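1. After the sequence you'll find the predicted model.
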Amino acid sequence: MWKAIWNGAVLAESDDTKLVEGNHYFPAETIHREYFQHSDTHTTCFWKGVASYYDVVVDDQVNRDAAWYYPETKRAAQAIEGYVAFWRGVKVVKEE
């Protein structure tokens with residue numbers, strides 16, 4: 001089971017992550033939505049498309065734009081459309 005953890009909270013957990021460019025993408029239904037707030041940030045990847053971001057909030061601490069996803073991907077990245085990945089101190093670990 002893969003888990004995304006920040007500030008002691010499990011943000012997401014799944015056995016079905018997709019590994020792309022060193023990042024584990026979690027299915028949207030496996031994130032614990034109570035820790036996520038939509039961000040206005042967007043970036044563009046030349047082969048994946050336009051990414052949207054979430055701020056991660058745990059115990060009133062905010063990790064800005066710590067999670068991202070592609071609501072609509074380009075064809076080459078369809079396997080991760082809607083999946084959520086993490087950075088900015090969020091640890092992704094495999095637990096048995």
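-> Good, I have the coordinates. Bear in mind the structure is a predicted one, so any value in this text is a computation, not a measurement.

2. Now Arg75: phi and psi?
-> With angles defined as degrees, to the nearest 10, Arg75 sits at phi -50, psi -40.

3. next one: Arg33
-> With angles defined as degrees, to the nearest 10, Arg33 shows backbone torsions of phi -60, psi -20.

4. For Ala67, see how far away it is.
-> As judged by CB to CB, to the nearest Å, Arg33 and Ala67 stand 11 Å apart. For the C-beta atoms, the positions are set from N, CA and C on the backbone; glycine is no exception.

5. For the two, indicate the residue with more neighbours.
-> Ala67 (26 against 11; other CB atoms under 10 Å).

6. Can you give me the buried ones in stretch 13-32?
-> By 16 or more other CB atoms under 10 Å, the buried positions in stretch 13-32 come out as 13-14, 17, 23-27, 30-31.

7. Now for these: which two are most distant?
-> Maximum pairwise distance in these, criterion CB to CB, is 15.9 Å, between Glu13 and Asn23.

8. which residue ranges form the strands in this structure?
-> For the chain, the strands defined by DSSP state E cover 2-6, 9-14, 18-20, 23-25, 36-45, 49-58, 61-69, 84-86, 91-94.

9. For the fifth one, the averaged confidence score.
-> For strand 36-45, mean pLDDT rounds to 98.

10. Pull the residues that contact that strand.
-> Contacts to strand 36-45, defined as CB atoms under 8 Å, 6 or more residues apart in numbering, come from residues 11, 50-57, 64-65, 67-68, 70, 77.

11. Let's see if you can find the most crowded of those.
-> Using other CB under 10 Å as the neighbour test, those are led by Leu11, with 28 neighbours.

12. what about that one, distance to Val56?
-> Taken as CB to CB, the span from Leu11 to Val56 is 6 Å.

13. shared neighbours of these two, which are they?
-> 35-36, 67, 86, 90.

14. Flag the shaky bits of the protein, pLDDT-wise.
-> Within the chain, no stretch has pLDDT under 70.

15. Right, I'll call it a day here.
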